[in-house]
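any chance you could fold what I've pasted below:
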Amino acid sequence: MINTVPQQAKPDSWNPPLPPTDLIFDDGESLETNQHRVAMNVLIRSYQQYRADQTNFYVGGNMFIYYSSTQAKNRDFRGPDFFVVLDVEGESDRLGWVVWEEGGRYPDVIVELMSPSTANVDLGVKKDLYDQVFKTQDYFVYNPFDPNSLLGWHRGDTYRSIIPDERGWLWCEKLGLWLGTWQGTIDRETLSWLRFYDSTGALVLLPEEIAQQQAESAAQRAEAETQRAESAVQRAESEAQRAELERLRAERLAARLRELGEDPDLL
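Residues are numbered from 1 along each chain as shown. Reported below is the predicted structural model:
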């Protein structure tokens, strides 16, 4: 007879993680407006450009974060508009951020782009979740249609409001960057966009802004080279004119000396 040891029952609160194939990564809902989509991409693409030479971070937007199997089973989707996870492998493609597949790592920074229909959730349920469960260090909310709507919280033992500076910008401690508004046109949309600024106050540029800046610098250098070349031609022409005047003066002087009976070659 073989002795068998009964397995200990797992506590009711224990829920095994679901494999990635059981997770939903698209609920079929789009961002509120095209401006919200552009605003999200501005944050993602500018931060990626800011750290273009590094790979130890992951930045995502409008994608689900799965943090427990219970939440996954209940289809309690949470998809921040923008988030950053620091000190992780950032080159792998991900359909979503599955915490138990990522060594238990949660986002270090989250930004929600509010609208009238989402403001209560962004300022209530989501804020509490990011504070108490995710323990995300820096959380910001902004309505792209209201330049005065920027709010932020930094977490110590709990969330505390970040005080804006005289420009109305908020300091993101985890990223070492400012978050502030910028008025301009991006992707044919003119708005007060939420943008990153470095510690000196310089705008963190998008790839196309850098390309435009480089093209303008190249055009300025080409123009400067053209001006230098034109100046060199003008100087050469002036030297030639002076040389011609000197030659004419010398010829007139020699002719005058000959009229006076002197041989200019002997002088």
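
quick one, strands of the stretch 51-200 of the chain?
Listed in chain order, the strands of the stretch 51-200 of the chain (DSSP state E, counting those that start in this stretch) span 57-60, 65-66, 82-86, 97-98, 109-113, 138-142, 151-155, 159-161, 170-172, 177-186, 189-197.

mind listing what's buried along the longest one?
Counting neighbours by 16 or more other Cβ atoms under 10 Å, one finds that the buried residues in strand 177-186 are 177-182, 186. All C-beta spots, glycine's among them, are computed from the backbone N, C-alpha and C.

right, so the strands of the stretch 51-200 of the chain: which one is the most enclosed?
The highest average neighbour count among those, using mean count of other Cβ atoms under 10 Å, belongs to strand 109-113 at a mean of 26.

and the angle for that strand with strand 138-142?
10 degrees (axes from the mean of the first three to the mean of the last three Cα atoms, to 10 degrees).

paired strands for strand 109-113, with orientation please.
Strand 109-113 has the following strand partners under DSSP bridges: strand 82-86 (antiparallel), strand 138-142 (parallel).

do you have the helices of the protein handy? List them.
Using DSSP state H, the helices of the chain run over residues 34-50, 69-73, 119-123, 125-129, 207-259.

which one of these is the most hemmed in?
A comparison of these by mean neighbour count, using mean count of other Cβ under 10 Å, puts helix 34-50 on top with a mean of 19.

ok, residue 88 touching residue 102?
Yes: with contact defined as Cβ atoms under 8 Å, residue 88 reaches residue 102; the gap is 6.6 Å.

can you put the strands paired with strand 109-113 in CSV and add mean pLDDT and distance to residue 69?
Shown next, in CSV, are the strands paired with strand 109-113 (pLDDT from 0 to 100; distance: least, Cβ to Cβ, whole Å):
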stretch, mean pLDDT, distance to residue 69
strand 82-86, 98, 20
strand 138-142, 98, 24
